[in-house]
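A.B. asks: Based on what follows, work out the 3D shape:
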Amino acid sequence: MEVLEKEIDGQLIAVDFPIQGISLSAKTVSFTDSSGKRTCTFSTSNKAREFLTWLTSNNSL
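C.D. replies: Model prediction:
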């Protein structure tokens, strides 16, 4: 397991990979990592999709 941080939309989000589940709803990304369930809300749907892309591209760690 590896913890990575992503700074996006004024937030520093630490993710404890691997991800077990992800859902996207408008400006919100919910995911379950090794630390539990988390929900992140962004200012735009584009920022949410950007974070989702980062999550999925790093999930093979």
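
A.B. asks: Sketch out the low-pLDDT regions of the chain for me.
C.D. replies: Low-confidence regions of the chain, defined by pLDDT under 70, span residues 1, 61.

A.B. asks: need the helices for it, in chain order.
C.D. replies: For the chain, helices defined by DSSP state H occupy the ranges 45-58.

A.B. asks: bridging residues for the closest residue to residue 34 other than its chain neighbours?
C.D. replies: Computed as CB to CB, 6 or more residues apart in numbering, the closest residue to residue 34 that is not its neighbour in sequence is residue 16, at 4.1 Å. Glycine gets a C-beta too; all of them are placed from N, C-alpha and C. Using DSSP bridges, the bridge partners assigned to residue 16 are residue 3.

A.B. asks: Please report the distance of residue 58 from residue 17.
C.D. replies: Per CB to CB, to the nearest Å, residue 58 is found 6 Å from residue 17.

A.B. asks: To clarify, my last question referred to residue 2.
C.D. replies: 5 Å.

A.B. asks: same question, residue 56
C.D. replies: Where residue 17 is concerned, residue 56 sits at a distance of 11 Å (CB to CB).

A.B. asks: Neighbour count for these two, which is higher?
C.D. replies: Using other CB atoms under 10 Å, the more surrounded residue of residue 56 and residue 17 is residue 17, with 16 against 12.

A.B. asks: correct me, but the more buried one touches residue 33?
C.D. replies: Yes. Contact status for residue 17 versus residue 33: in contact at 6.5 Å, counting by CB atoms under 8 Å.

A.B. asks: Next, count neighbours for residue 42.
C.D. replies: Counted with other CB under 10 Å, the neighbours of residue 42 add up to 20.
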